[in-house]
Structure formats: C-alpha cells, structure tokens
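Chemist: please work out how this folds:
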Amino acid sequence: MMSFAFCMSESIPTSTPAPFRSGLAVLIGRTNAGKSTLINSLVGAQVSIVTPRPQTTRHPIHGIVHRPGGQVVFVDTPGFFKTHKSSLVDTLHQRAQESLKGIDVVVHVVDPTRDSGAENDMVNAILARVQQPRILCLSKLDIPERPFRDAWMRVASEYAAVVEVSGITGEGTSQLVDLLLERMPEGPELYPAGQTTNTTIDFQAAELIREKVYLYTGEEVPYRTQVELDSIEEKPGKDGIPVVHVNAAIITPNERYQRMLIGTGARKIRQIRLAAQRALRDRFEKKVALELDVIIDRKMDS
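Modeler: Numbers count the residues shown, from 1 in each chain. Okay, here's the model as predicted:
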C-alpha cells in the first residue's frame, strides 16, 4: 500500500486590512465660491441649499460621505462676504470661524472665475492661524473660462494638496475624498452607514422653502427674511397613498415686503409654494401638501 506524506509549507502571510479612517473636513471660502453645490455633489443628495444670493448658508451643515475604508464628514459653512456691517453678517462670519474647531482637514474652496479680493483676504487671515492640513480646492471646473486659475496655482505650495472639482458634473470629487481620507485619523464611523446629514427633517423642509423664496424674489426681499416650520405630518391620502402635510410661514419685517412676497393676485406666493412643494416632494420621495403664509415680525426691522 502506498502512503503519502504531506509536507506543510510555510504559511502565506495575509495582508492586514487598511485601518478605517474618519474625520471632519470643513469647507471654507468666500461667498458663492461653490461650497454648497460641492457638498451636495459629494454626498449625492441636497443637504445644503444653493442660491445666487450671498451667504445663503446660515448654519454649519454636515454632509456625510461613506467609503468602504473610511468616512468623511464635510462641514459646509457660511461664506465670507464683504458688505456693510450688520449683526447678521457678523454672526455668520463667527459661525464660519467656529466651525474650524475640532476639524481634521480644512478645504479652502476658491472660485477661479473671480478675482481675489477683500473677501479672500478675510479667509486667508483665518487660514493663517489654522494648524490642520489645508487643501486648495479650485471649483467650477465645468466652466471653460477660469481666468484666475493660474493665480491660485502660483500659491499651491502653501497647501498640502491641490484639487480641481466641479460640483455640477462631479468631476474631481472622488479625488478630493481620496486626498481627505489619506489625512484623516484612524477611528470608527462618526455617523451610521446611510446617513447623509446631521440636520433634522424640519430644518431641511424650512431650508428648501427659504431657497425658493430667494430664487423667486431676487434682491428686492431682504436677506434676513426667515422661514419657520409650524408642523410637518404624514397622513393617509384619499387614494391610500401617504401625503406629507407641511405648514410653514415666511417671516418678513414689514407690510411692504409682505406685499412683495404675496404678489399681485397672490401670484408670487403661489409660485414659491409650488416650487417649494416640488422640492419637498423630491426630498421626501412622497406626495407633499404645502401650506405657506407670509407673516410680519416688526422686531426684524429694529
């Protein structure tokens, strides 16, 4: 009978999986540099509203990007805006500066279609005090003419890395995430898998309505106009399909602006309501019934 001897060879070493990395990356820059558009593109959902008006973002908002090997929590901040002094602008600038606390990486988002000016000087003064790694992010890559790109590239050596992105097309966003994950500390997830933002449903609904107020009124309605949510509740519809009922109010300082927001024959408020209702329907992926009032708060004028 033949016998077989099996010789155990040396065990093949197995590769150690790369450690999971997670941390916070703040987006900082002048107003309308493309921060909110970029964070929405990175997350793949609208977590921050976008309008042409300066400092549309009023609160630091977290947008969460999940990868197999890590998680990046992006912090969208109010842009720096050089204008006449006001308590609201001062508050927004203060919120942007406070967002740098506890951050792992700073992403300086710049708009190479516009010349550097006083607003960028304000940002640079703050970045000069930052100890964390800084990444220079040139936005609006989808725009053919970016005349000030070369000027920004000349200061690229002052940053840990440079990346060019488009929040519209998504080009360059994966590279940005990779650059950030390399610089994040080892650690567990900061948010559960699947979560895209830290904001509440009520906050998101009010912000989407405020976005439409700005988009459909332009400069004639004051920037300090607010939206307050009274209630949001899901109820069964007549056909059995659930409907999200939203009741909200636009708060404005006086009768003049109230008339502007309502419009002749209530056309303006109807336009805002329908646009906001569509946005809410897309966000919740359900039928939405929106009731929208315009209320005066005279304390806003003081």
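Chemist: find the residue closest to Val65 in space, skipping its chain neighbours.
Modeler: Nearest residue to Val65, sequence neighbours excluded (CB to CB, 6 or more residues apart in numbering): Val72, at 4.6 Å. No exception for glycine: its C-beta is placed from N, CA and C like everyone else's.
Chemist: partners of the one you found in the sheet?
Modeler: Gly23, Val65 (DSSP bridges).
Chemist: next, count neighbours for it.
Modeler: Using other CB atoms under 10 Å, the number of residues around Val72 comes to 28.
Chemist: ok, Glu233 next?
Modeler: 9.
Chemist: quick check: closest non-adjacent residue to it.
Modeler: In space, Glu233 is closest to His245, 5.2 Å off (CB to CB, 6+ apart).
Chemist: low pLDDT regions in the stretch 101-250 of the chain?
Modeler: Along the stretch 101-250 of the chain, the parts satisfying pLDDT under 70 run over 101, 219-223.
Chemist: ok, now how distant is the residue nearest to Val65 from Cys137?
Modeler: 13 Å (CB to CB, to the nearest Å).
Chemist: quick one: distance of stretch 237-244 to the chain centre.
Modeler: Between the centre of stretch 237-244 and the centre of its host chain there is 31 Å, according to CA atoms, centre = their mean, to the nearest Å.
Chemist: same check on stretch 199-213?
Modeler: 13 Å.
Chemist: which positions within it qualify as buried?
Modeler: Thr199, Gln204, Ala205, Ala206, Glu207, Leu208, Ile209, Arg210, Glu211, Lys212, Val213 (16 or more other CB atoms under 10 Å).
Chemist: hang on, isn't the fourth one packed against Asn247?
Modeler: This means Ala206. No: in terms of CB atoms under 8 Å, Ala206 does not count as a neighbour of Asn247; the distance is 11.3 Å.
Chemist: so what sits against both of the two?
Modeler: Leu229 (CB atoms under 8 Å, 6 or more residues apart in numbering).
Chemist: could you pull out the strands for this structure?
Modeler: Ranges of strands in the chain, per DSSP state E, are 21-28, 61-67, 70-76, 105-110, 134-138, 161-164, 226-236, 242-252, 287-296.
Chemist: now the second one: buried residues?
Modeler: Okay, so that is strand 61-67. By 16+ other CB under 10 Å, the buried positions in strand 61-67 come out as Ile61, His62, Gly63, Ile64, Val65, His66.
Chemist: which strands and helices sit next to that strand?
Modeler: Where contact means 3 or more CB pairs under 8 Å, 6 or more residues apart in numbering; DSSP states H and E, strand 61-67 is packed against helix 35-43, strand 70-76, helix 173-183.
Chemist: now do the residue nearest to Val65 against Asn124, distance only.
Modeler: Distance of Val72 to Asn124, computed by CB to CB: 24 Å.
Chemist: check Leu180 too.
Modeler: With distances taken as CB to CB, Leu180 is found 21 Å from Asn124.
Chemist: okay, those two: which has more neighbours?
Modeler: Leu180 (27 against 14).
Chemist: any idea how far the more buried one is from Val65?
Modeler: Here the distance between Leu180 and Val65 works out to 9 Å (CB to CB).
Chemist: tell me, what's touching those two both at once?
Modeler: In contact with both Leu180 and Val65: Val72, using CB under 8 Å, 6+ apart.
Chemist: ok, Ala206 - contacts?
Modeler: Val227, Glu228, Leu229, Ala248.
Chemist: ok, now which ones touch the first one?
Modeler: Under the criterion of CB under 8 Å, 6+ apart, the contact partners of Val227 comprise Ala206, Glu207, Ile209, Arg210, Val213, Ala248, Ala249, Ile250, Ile251.
Chemist: my read is that the third one contacts Ala249, right?
Modeler: No: the criterion here is CB under 8 Å, and Ile209 misses it with Ala249 at 9.4 Å.
Chemist: so for these two, which residues contact both of them?
Modeler: The contact lists of Ile209 and Ala249 share Val227, Leu292, where a contact means CB under 8 Å, 6+ apart.
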